[in-house]
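J.: Dropping a prediction and its sequence here:
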Amino acid sequence: MIINKEFVLKGALNEPFKADITYSTDAEQKGIVLFCHGFKGFKDWGSWSTVAKYFAANGLAFLKFNFSHSGMGLDDSDSFTALEKFATNTLNKEVEDIKNVENFIHNELATDFPEINTKNITIIGHSKGGVSALLYCMHEATQIKKVCTWASPFDFHRSWNSKFIKKWKAEGVQNIKNARTNQMMPLAIEVLNDLELNIQKYSLQDGGKKLKIPFLILQGTNDPAVPMDEYNALKKNFPKASTHLIENANHVFGAAHPYTSEVLPEHTQELVSTTKDFILG
């Protein structure tokens with residue numbers, strides 16, 4: 001039986017956020033996956049719940065969560081109802097959220113759900129979530145055993161060119177359109193200030209010297225959001241990482257939102273199968 005349990009946790013600035021865990025009572029418990037969504041993403045986007053069931057059926061409990069400043073509220077909406085939080089989200093806040101989730105796994109989940117193997121943790125980040133996952137594993141004390149990125153950029157801020165930044169500084173805010181919801185999503189000047197203050201800390205340059213755990217990079221070759229030069233930069237700066245290209249896959253590996261099928265898209269199936277083998281290998 002596949003079981004799903006929801007929680008409300010506290011993250012950066014003590015802000016609450018939703019999380020849930022999916023696991024199977026029939027499979028041998030081999031570990032737990034901690035999943036980080038991307039920019040303008042959320043834990044229940046598209047096929048992520050179906051992905052969670054896949055890992056659960058293979059003995060890997062799957063814990064996904066909304067970053068505390070992702071813009072998602074505590075309701076069950078798939079719209080962003082907390083844009084004031086989105087406006088001030090930073091990589092530091094996401095790293096702090098991950099730390100709180102890992103602490104939750106060790107201090108509460110391990111006690112309340114002893115049937116789950118919480119000793120073997122793998123962190124997966126999609127898109128921007130991959131940057132946050134890498135920064136966490138590079139800079140924080142953690143018991144996470146492996147890290148995997150799905151369509152992650154090397155530099156999340158690569159598209160913030162001088163014209164964009166000049167306008168941002170002049171107006172104090174930049175608005176980015178969400179094509180799915182048609183919402184204009186604000187970025188406060190605080191986010192730019194944080195980037196400029198932490199430019200070295202947020203850099204993945206020579207990240208392989210700081211990352212001490214196994215790393216798998218997965219990338220689609222037809223990704224319009226994260227082009228192949230980002231993947232190549234990750235490979236170059238993490239030379240010990242394992243890599244896997246999914247031919248013709250896009251940024252979300254063939255999925256869309258909403259996603260109602262219990263069968264994963266072909267590219268997502270390759271994504272999760274390759275990831276599972278990496279975790280259990």
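T.: Received, thanks. Because the structure is predicted, anything quoted here is derived from the model rather than measured.

J.: can you pull out the helices in the stretch 51-200 of the chain?
T.: In the stretch 51-200 of the chain, the helices defined using DSSP state H, counting those that start in this stretch lie at 83-86, 91-104, 110-112, 128-139, 162-171, 189-197.

J.: chain center to the first one, what's the gap?
T.: Between the mean C-alpha point of helix 83-86 and the mean C-alpha point of its chain there is a distance of 18 Å (Cα atoms, centre = their mean, to the nearest Å).

J.: got it, and the shortest one?
T.: Here helix 110-112 shows a centroid-to-chain-centroid distance of 24 Å under the convention Cα atoms, centre = their mean.

J.: Equivalent analysis for the last one, please.
T.: In this view, helix 189-197 has its centroid 21 Å away from the chain centroid, taken as Cα atoms, centre = their mean.

J.: returning to that earlier point: just the helices of the stretch 51-200 of the chain: most buried one?
T.: Of all those, helix 128-139 has the most neighbours on average by mean count of other Cβ atoms under 10 Å, namely a mean of 24. The C-beta positions use only the backbone N, C-alpha and C, and glycine is treated the same way.

J.: CA atoms only for it, dumped as PDB, please.
T.: In PDB, the C-alpha atoms belonging to helix 128-139 read as follows (Å, rounded to 0.1, in the frame of the first residue of the first chain):
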ATOM      1  CA  LYS A 128      16.800  26.100  -9.200                       C
ATOM      2  CA  GLY A 129      16.100  23.500  -6.500                       C
ATOM      3  CA  GLY A 130      19.300  21.800  -7.800                       C
ATOM      4  CA  VAL A 131      21.400  24.900  -7.000                       C
ATOM      5  CA  SER A 132      19.900  25.100  -3.500                       C
ATOM      6  CA  ALA A 133      20.600  21.400  -2.900                       C
ATOM      7  CA  LEU A 134      24.200  21.700  -4.100                       C
ATOM      8  CA  LEU A 135      24.800  24.800  -2.000                       C
ATOM      9  CA  TYR A 136      23.400  23.000   1.100                       C
ATOM     10  CA  CYS A 137      25.600  19.900   0.600                       C
ATOM     11  CA  MET A 138      28.700  22.000  -0.100                       C
ATOM     12  CA  HIS A 139      28.400  24.400   2.800                       C
END
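
J.: pLDDT weak spots in the chain?
T.: Applying pLDDT under 70 to the chain flags no residue at all.

J.: which residue of it sits farthest from its center?
T.: The outermost residue of the chain, judged against the average C-alpha position, is Ala170 (31.2 Å), by Cα atoms, centre = their mean.

J.: one step back: figure out which of the helices of the stretch 51-200 of the chain is closest to Thr221.
T.: helix 128-139 (16.9 Å; Cβ to Cβ).

J.: Nothing else from me, thank you.
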